[in-house]
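Visitor: Have a look at this prediction, sequence included:
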Amino acid sequence: MTEVVQDELKRAVEALHHCTARLAQSVPVSETFDDAAVWEGAVHVFDLEGHPMAYAWSSPIEGSEKRRFFAVLHQPPITSAAEAVRAAIVQEHRTKYSRTGA
């Protein structure tokens, strides 16, 4: 998997949350469901000016050369990079199935 450069994630976080971001660290996250890998990669943690920190990462869009960017604020119940990834996966799943009516 090709990882997006940190500058692209920084720009995405700043655009989504309308503030200045500074990379604090990158942490590896591996999310599984029923013993199968759902997502694995680096989540970048950004300190935000005037806001809680944010977790940011990207994933390839299936059938495309493009990537989807995620930026989730650190605020309960999201208090870790793994929880941010998990919440995004759940939200994406809900959105997908609400559009298909399944």
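Guide: Right, received. Where do you want to start?

Visitor: Quickly list what residue 29 is bridged to.
Guide: residue 41 (DSSP bridges).

Visitor: number of nearby residues for it?
Guide: As a burial measure, residue 29 scores 19 neighbours (other CB atoms under 10 Å). In short, each C-beta sits where N, CA and C put it, glycine included.

Visitor: quick one: it and residue 41 touch, right?
Guide: Yes. Using CB atoms under 8 Å, residue 29 is in contact with residue 41, at 6.7 Å.

Visitor: how far out from the middle of the chain is the longest helix along the chain?
Guide: Ranked by residue count and defined by DSSP state H, the top helix of the chain is helix 81-100. Helix 81-100 sits 11 Å away from the centroid of its parent chain (CA atoms, centre = their mean, to the nearest Å).

Visitor: What lies in contact with it?
Guide: 27, 29, 31, 38-39, 43, 45, 55, 57, 70, 72, 74, 77-78 (CB atoms under 8 Å, 6 or more residues apart in numbering).

Visitor: quick check, nearest of these to residue 15?
Guide: Residue 15 lies nearest to residue 70 out of the contacts of helix 81-100, by CB to CB, at 12.7 Å.

Visitor: Which positions in the longest helix of the chain come out as buried?
Guide: Neighbour counts over helix 81-100 (16 or more other CB atoms under 10 Å) mark 81-86, 88-89 as buried.
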